[in-house]
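Peer 1: need coordinates for the below:
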Amino acid sequence: MKVLEINSCNFGSTGNIMLQIADAARAQGYTVITSCPKSRSNKRKNVDNQLFIGNLLTRNLHLKLAYLTGLNGCFSFISTLCFLRKVNKLKPDLIHLHNLHNCYINLPLLFRYIKRNHIPVIWTLHDCWSFTGQCPYFTMAKCIKWKTGCKDCPSFNEYPRSLIDQTKIMWKLKKKWFTGVEDMTIVTPSRWLADLVKQSYLSEYSINVINNGIDTSVFKPTKSKFKMMHGLKNKYLVLGVAFGWGDRKGYKDCLKLAEILDDNYQMVLVGVTKDQIKFLPNNILGIEQTSSQKELAEIYSASDIFINTTYEDNYPTVNLEARACGLQVITYKTGGSPESAGENAVVVETGDIIGLKYAIEKCIQDKDNNTLKTIKFNLSKISADSKFMEYISIYDSINKKKCKCF
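Peer 2: As a prediction, the model looks like this:
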């Protein structure tokens with residue numbers, strides 16, 4: 001059985017998920033080809049059995065036209081036709097979609113090809129973009145227009161940014177393109193996102209929840225000299241990890257929290273930029289994004305508590321990483337974050353900085369007094385390998401269904 005996976009990149013969280021599912025499927029005897037746009041970043045990674053979509057010129061042109069017109073996914077006509085000709089020669093038995101936003105493929109052409117050729121589809125949704133007029137998330141905007149039809153968008157000048165608001169027409173177009181696929185299974189990493197999909201025009205499809213997973217051979221309690229290296233042996237470390245600290249990740253909330261924590265605490269933020277580090281107060285240690293998972297595991301293991309101040313999220317794996325390294329998680333009541341934070345997590349209302357402070361103090365006190373309820377969990381439940389095998393189970397069911405037809 002041949003599988004074609006399509007994503008906007010071959011790196012980062014969604015790109016790695018695509019490639020790791022491909023490896024897991026190949027180990028089970030499937031032939032898997034992965035596809036992404038031919039961008040500078042995607043070209044840096046050497047990937048076997050990879051089929052690029054378009055080139056640098058067509059990608060940049062699509063980005064520019066989408067920005068000017070507000071029509072995302074309506075361009076790259078010739079490059080998509082060329083790509084689909086190659087796909088036609090491959091004759092995939094299954095197409096596994098991931099992120100389709102960010103202007104690299106002509107969406108009406110792609111879905112017309114899928115519908116005409118009656119190809120089974122799995123679509124892993126990593127955010128809400130597939131059922132909105134434009135935005136990947138709408139929590140901060142407190143918008144529910146996506147349920148009946150987007151218009152007058154408060155976020156049209158944010159990612160995927162456009163010069164004019166075309167969300168009304170884009171919502172109608174996306175509904176037309178994405179509905180009516182003969183055999184499509186939607187997969188979401190969180191129950192939170194699955195519940196939203198059930199309220200959208202994608203509700204006609206079967207919806208499965210497969211949580212994100214992590215590499216538990218790396219993320220585990222690890223010997224660490226992090227406190228000693230930074231002269232923090234006598235401090236309680238309050239850790240936050242994000243890849244792109246901004247308003248969405250609660251960066252300003254972390255600054256406010258630092259102002260009200262006493263001298264016993266030292267905050268550590270991983271993933272901040274050089275410019276952000278320059279303006280951090282003394283009780284926040286800023287660390288740029290690390291490419292070493294082992295180093296990150298050492299930072300988790302040296303810390304006393306993990307906080308997640310995200311305002312918009314699906315199923316953040318940083319919570320899983322922290323838990324695997326032995327940390328209790330305190331998270332905002334945001335999206336699927338409480339789901340990945342675990343059974344002994346403390347959930348506070350989004351934006352409640354005073355509540356966050358009290359939660360930190362209470363958790364540290366319980367830890368010191370050995371009154372913290374320790375909940376043992378099976379690491380295999382959050383292992384990426386076990387999660388990928390859940391995808392293979394869906395592949396197998398589609399394969400059996402196809403075999404019965406012959």
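Peer 1: so, low pLDDT: which residues of the protein?
Peer 2: For the chain, the stretches with pLDDT under 70 are 372-377, 404-406.
Peer 1: mind naming the longest helix for it?
Peer 2: helix 384-404 (DSSP state H).
Peer 1: what packs against that helix?
Peer 2: In terms of contacts (3 or more Cβ pairs under 8 Å, 6 or more residues apart in numbering; DSSP states H and E), helix 384-404 is packed against helix 12-27, strand 94-97, strand 121-124, strand 184-188. All C-beta spots, glycine's among them, are computed from the backbone N, C-alpha and C.
Peer 1: do you have the helices of the stretch 301-406 of the chain handy? List them.
Peer 2: Using DSSP state H, counting those that start in this stretch, the helices found in the stretch 301-406 of the chain span residues 317-324, 337-341, 353-368, 384-404.
Peer 1: between the helices and strands packed on helix 384-404, which one is nearest to G286?
Peer 2: helix 12-27 (21.2 Å; Cβ to Cβ).
Peer 1: check which helices and strands the closest one sits against.
Peer 2: strand 2-6, strand 31-37, helix 384-404.
Peer 1: what's the closest of the ones you listed to G15?
Peer 2: That would be, of the helices and strands packed on helix 12-27 and by Cβ to Cβ, strand 31-37, which comes in at 7.1 Å.
Peer 1: what's next to the helix or strand that the closest one is followed by, contact-wise?
Peer 2: As assigned by DSSP states H and E, the chain's next helix or strand after strand 31-37 is helix 40-43. Residues outside helix 40-43 that contact it (Cβ atoms under 8 Å, 6 or more residues apart in numbering) are C9, N10, F11, C36, F52, L56.
Peer 1: circling back: buried ones in the longest helix of the chain?
Peer 2: Buried residues in helix 384-404, counted by 16 or more other Cβ atoms under 10 Å: 384-392, 394-395, 398-399.
Peer 1: how about the residues you listed in TSV, adding distance to F178?
Peer 2: Output for the buried residues of helix 384-404, formatted as TSV (distance: Cβ to Cβ, whole Å):
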residue	distance to F178
A384	28
D385	30
S386	29
K387	25
F388	25
M389	27
E390	23
Y391	20
I392	25
I394	19
Y395	21
I398	19
N399	24
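Peer 1: any idea how far the residue nearest the centre of the chain is from M170?
Peer 2: Residue closest to the average C-alpha location in the chain (Cα atoms, centre = their mean): H126, at 4.9 Å. For H126, the distance to M170 (Cβ to Cβ, to the nearest Å) stands at 19 Å.
Peer 1: again, but for I360
Peer 2: I360 is 42 Å from M170, by Cβ to Cβ.
Peer 1: just L97 next, same as before
Peer 2: From L97 to M170 the distance is 18 Å (Cβ to Cβ).
Peer 1: outline the domain layout of the protein.
Peer 2: 2-213+384-404, 226-382 (automatic domain parsing).
Peer 1: so which of these gets nearest F219?
Peer 2: Nearest of those (Cβ to Cβ): domain 226-382, 4.1 Å.
Peer 1: gap between the two ends of the closest one?
Peer 2: Using Cα to Cα, to the nearest Å, the end-to-end distance of domain 226-382 comes out at 25 Å.
Peer 1: report the distance from that domain to the chain centre.
Peer 2: Chain-centre distance of domain 226-382: 18 Å, with Cα atoms, centre = their mean, to the nearest Å.
Peer 1: lovely, talk soon.
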